[in-house]
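Trainee: build me a structure from this.
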Amino acid sequence: MSWSLAELAGLLGTEVGSGPDFRVTRPVPVDSDDREGLTFCQGKKYLRQLTAHTAGAVIVPPGVAVDRPHLVADEPRVAFEKFLTMYRRPLPSRPGVHPTAVVDASAEVDDTASVGPYVVVERGARIGAGAQVFPFCYVGEGCTVGEYTVLYPHVVLYQDVEIGVRCIVHAHVTLGADGFGFRWDGDAHQKVDHVGGVVIGDDVEIGAGSAVDRATAGATELGNGVKLDNLVQIGHNTRIGDHTVICGQSAVAGSAVLGNRVTMAGQTGVADHVTVADDVSLAVRTLTTKDIREPGAYYGVPARPLAEGLRIVARLPHLHERIEKLERGE
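Mentor: Coordinates of the predicted model:
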């Protein structure tokens with residue numbers, strides 16, 4: 001694949017700044033030296049990196065002068081994202097059920113859905129129109145895969161998992177495994193059975209290796225537009241509001257409630273039965289042990305308003321030095 005800048009201008013909604021006949025073949029980062037690559041420049045930091053390297057062409061904002069063929073866009077990043085979409089190569093998939101798939105007679109698979117090699121679809125499961133279930137997935141009893149939802153290889157849906165439309169579930173995600181529930185009887189940990197399900201809204205994306213546990217009873221719920229990064233753990237009976245984003249290696253313990261548009265940075269945690277209000281942002285490695293009822297940014301262990309949390313961290317080296325002096329008797 002290759003495009004001239006003149007062709008891309010029409011496809012991306014940009015204008016040609018120079019070099020309309022220059023051809024590019026792929027998107028590249030701003031610090032690339034690929035002479036056939038197209039990148040974007042947005043801000044002084046990007047411009048410094050661009051000038052130190054030799055990417056073939058670039059998308060820039062109006063008024064920015066560059067020394068190579070370029071396109072001009074009010075939002076260079078947005079135009080570049082369109083180019084990424086054009087360049088994307090989907091994994092191979094075709095409508096129909098592969099001969100090696102095992103589909104229970106009571107399952108419902110739409111004629112336009114794709115069920116790949118060695119997939120297992122258990123009784124009572126439903127796979128909607130345009131859905132793609134890639135090789136080695138397991139769709140358990142009573143599960144629903146919504147229209148145009150994609151399950152990448154080795155996704156496992158235990159039982160009673162409902163996934164909405166246009167969702168993306170990446171490889172090795174497990175939905176509906178038992179929650180981490182045990183009762184100490186004085187001698188041993190006795191397992192508490194989990195018989196609930198998982199309900200996932202529309203336009204949700206779940207990153208590779210993540211897990212969403214089934215409820216003890218009722219349902220663990222993810223709202224519309226929720227985005228989970230890789231290696232995220234969601235405990236049983238948790239409820240997550242619409243358009244919440246949770247970054248990698250974070251965890252939400254059982255029966256916690258996250259509001260709408262919550263952002264959890266990497267390696268953050270929310271304790272069990274804690275409620276977090278709408279429009280809260282948790283900075284990296286923040287641990288939330290008590291309810292947060294006001295929107296805003298929070299940081300620390302335990303979570304505090306961002307400015308307070310940063311002040312505490314900034315004082316720690318000074319306090320450590322003072323303690324050492326006191327211990328030495330100085």
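Trainee: need the contact list for C137.
Mentor: Counting by C-beta atoms under 8 Å, 6 or more residues apart in numbering, C137 makes contact with G116, V119, V120, L151, P153, H154, V155, V156, L157. The way it works is simple: take the backbone N, C-alpha and C, and place the C-beta from them, glycine included.
Trainee: cool, and K191?
Mentor: By C-beta under 8 Å, 6+ apart, the residues touching K191 are D178, G181, F182.
Trainee: any idea how far the second one is from H189?
Mentor: Spelled out, it's G181. As for G181, its distance to H189 is 10 Å (criterion: C-beta to C-beta, to the nearest Å).
Trainee: of the two, who's got more company?
Mentor: Higher neighbour count among G181 and H189: G181, with 17 against 10, using other C-beta atoms under 10 Å.
Trainee: hang on, the earlier thing: closest one to A107 out of the contacts of C137, please.
Mentor: V120 (9.9 Å; C-beta to C-beta).
Trainee: next, that closest one: phi, psi?
Mentor: Main-chain dihedrals, V120, degrees, to the nearest 10: phi -120, psi 130.
Trainee: thought it was touching V102?
Mentor: Yes: taking C-beta atoms under 8 Å as the definition, V120 is a contact partner of V102 at 4.9 Å.
Trainee: starting at the chain centroid, how far to the worst-scoring helix or strand of the chain on mean pLDDT?
Mentor: Using mean pLDDT, DSSP states H and E, helix 306-327 stands out as the lowest-scoring helix or strand of the chain, at a mean of 80. Distance, stretch centre to chain centre, for helix 306-327: 35 Å (C-alpha atoms, centre = their mean, to the nearest Å).
Trainee: same question, stretch 219-230
Mentor: Relative to the chain's own centre, stretch 219-230 is displaced by 9 Å; criterion: C-alpha atoms, centre = their mean.
Trainee: for it, buried residues please.
Mentor: Neighbour counts over stretch 219-230 (16 or more other C-beta atoms under 10 Å) mark A219, T220, E221, L222, G223, N224, G225, V226, K227, L228, D229, N230 as buried.
Trainee: and the nearest residue to the second one once chain neighbours are set aside, what does it touch?
Mentor: On the basis of C-beta to C-beta, 6 or more residues apart in numbering, the spatially nearest residue to T220 that is not a chain neighbour turns out to be V198, at 4.9 Å. The contact partners of V198, by C-beta under 8 Å, 6+ apart, come to 160-162, 175-176, 212-215, 219-222.
Trainee: partner strands of the helix or strand containing V198, parallel or antiparallel?
Mentor: Assigned by DSSP states H and E, V198 belongs to strand 197-200. With DSSP bridges as the test, strand 197-200 is paired with strand 161-163 (parallel), strand 219-222 (parallel).
Trainee: ok, which of the ones you listed comes nearest A307?
Mentor: Comparison of the strands paired with strand 197-200 against A307 by C-beta to C-beta identifies strand 219-222 as nearest, at 31.0 Å.
Trainee: show me the contact partners of that closest one.
Mentor: Residues external to strand 219-222 that are found in contact with it (C-beta under 8 Å, 6+ apart): 179, 196-201, 204, 212-214, 228, 234-240.
Trainee: relative to Y299, how far out is L319?
Mentor: 18 Å.
Trainee: those two: who's more crowded?
Mentor: Shown here are L319 and Y299; by other C-beta under 10 Å, Y299 has more neighbours (22 against 10).
Trainee: phi and psi next, for the more buried one.
Mentor: Torsion angles at Y299 (phi, psi; degrees, to the nearest 10) stand at phi -150, psi 150.
Trainee: against I292, how distant is it?
Mentor: For Y299 relative to I292 (C-beta to C-beta), the value is 12 Å.
Trainee: what number of residues lie near E75?
Mentor: By other C-beta under 10 Å, 14 other residues sit near E75.
Trainee: distance check, it against S93.
Mentor: Using C-beta to C-beta, E75 is found at 32 Å from S93.
Trainee: got JSON lines for the contacts of K191, with pLDDT, distance to S4 and secondary structure too?
Mentor: Formatted as JSON lines, these follow (pLDDT from 0 to 100; distance: C-beta to C-beta, whole Å; DSSP: H, G, I helix; E, B strand; the rest coil):
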{"residue": "D178", "pLDDT": "97", "distance to S4": "56", "secondary structure": "coil"}
{"residue": "G181", "pLDDT": "94", "distance to S4": "60", "secondary structure": "coil"}
{"residue": "F182", "pLDDT": "95", "distance to S4": "63", "secondary structure": "strand"}
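Trainee: now the end-to-end length of stretch 273-293.
Mentor: Stretch 273-293 has its terminal residues 14 Å apart, counting by C-alpha to C-alpha, to the nearest Å.
Trainee: buried residues in it?
Mentor: V274, T275, V276, A277, V280, S281, L282, A283, T286, T288, I292.
Trainee: ok, now how distant is V198 from P90?
Mentor: Between V198 and P90 the computed distance is 26 Å (C-beta to C-beta).
Trainee: do I have it right that G254 meets F180?
Mentor: Yes: using C-beta under 8 Å, G254 is in contact with F180, at 7.1 Å.
Trainee: before we move on, the earlier item: who touches the helix or strand just after the strand holding V198?
Mentor: Toward the C-terminus, strand 197-200 is succeeded by strand 205-206 as the next helix or strand (DSSP H and E). The contact list for strand 205-206 (C-beta under 8 Å, 6+ apart) reads C167, I168, V169, H170, V173, L175, I200, V212, V226, K227, L228, V232.
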